[in-house]
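Undergrad: Sequence isn't available, so here's the structure alone:
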């Protein structure tokens, strides 16, 4: 949940940009959230998750609004479980890299819940997307 200060900041940013903000607008066709990374890792060895948010069709990810990634895993130990904008790699769109270590043999995964604000010329809308990277631990 966003605190009152963050809500006011998002509203001010949208008004300043001449956009109307909405929480429930369906903009899911205007972005992709993708995961790539190490598909197999031996127990005790390191692997990597790469998560990217790619806007499409003239949309963009708001620089002023909150952006967070919450990670969970099975059979893997994550180096970090919560990410925000400062954790993103430099570049025009948000891209995160997180190392993990294989813990126990079997089918594992890294699961991510991504929350961000996607904006067009007319609207800024809070988006949430869950994605997963399957990882075989050998």
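TA: Nice, thanks for sending it over. These figures come from a predicted structure and were not determined experimentally.
Undergrad: Just the strands from this structure, written as ranges.
TA: 20-22, 31-37, 40-41, 46-55, 60-61, 68-74, 76-78, 82-84, 95-102, 106-119, 123-137 (DSSP state E).
Undergrad: Buried residues in the second one, which are they?
TA: Right, strand 31-37. By neighbour count on 16 or more other C-beta atoms under 10 Å, the buried set for strand 31-37 is 31, 33, 35, 37. The way it works is simple: take the backbone N, C-alpha and C, and place the C-beta from them, glycine included.
Undergrad: just to revisit the earlier point, make a markdown table from the strands of the chain and add mean pLDDT to it.
TA: Shown next, in a markdown table, are those (pLDDT from 0 to 100):
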| stretch | mean pLDDT |
| --- | --- |
| strand 20-22 | 46 |
| strand 31-37 | 96 |
| strand 40-41 | 97 |
| strand 46-55 | 97 |
| strand 60-61 | 95 |
| strand 68-74 | 97 |
| strand 76-78 | 97 |
| strand 82-84 | 97 |
| strand 95-102 | 97 |
| strand 106-119 | 97 |
| strand 123-137 | 95 |
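Undergrad: can you tell me which of the buried residues of strand 31-37 lies nearest to residue 80?
TA: Distance to residue 80, by C-beta to C-beta, is smallest for residue 37 among the buried residues of strand 31-37, at 13.9 Å.
Undergrad: what does stretch 50-65 rub up against?
TA: Residues outside stretch 50-65 that contact it (C-beta atoms under 8 Å, 6 or more residues apart in numbering): 6, 9-10, 13, 27, 29-37, 67, 69, 85, 93-98, 112, 114, 116-121, 124, 126, 131.
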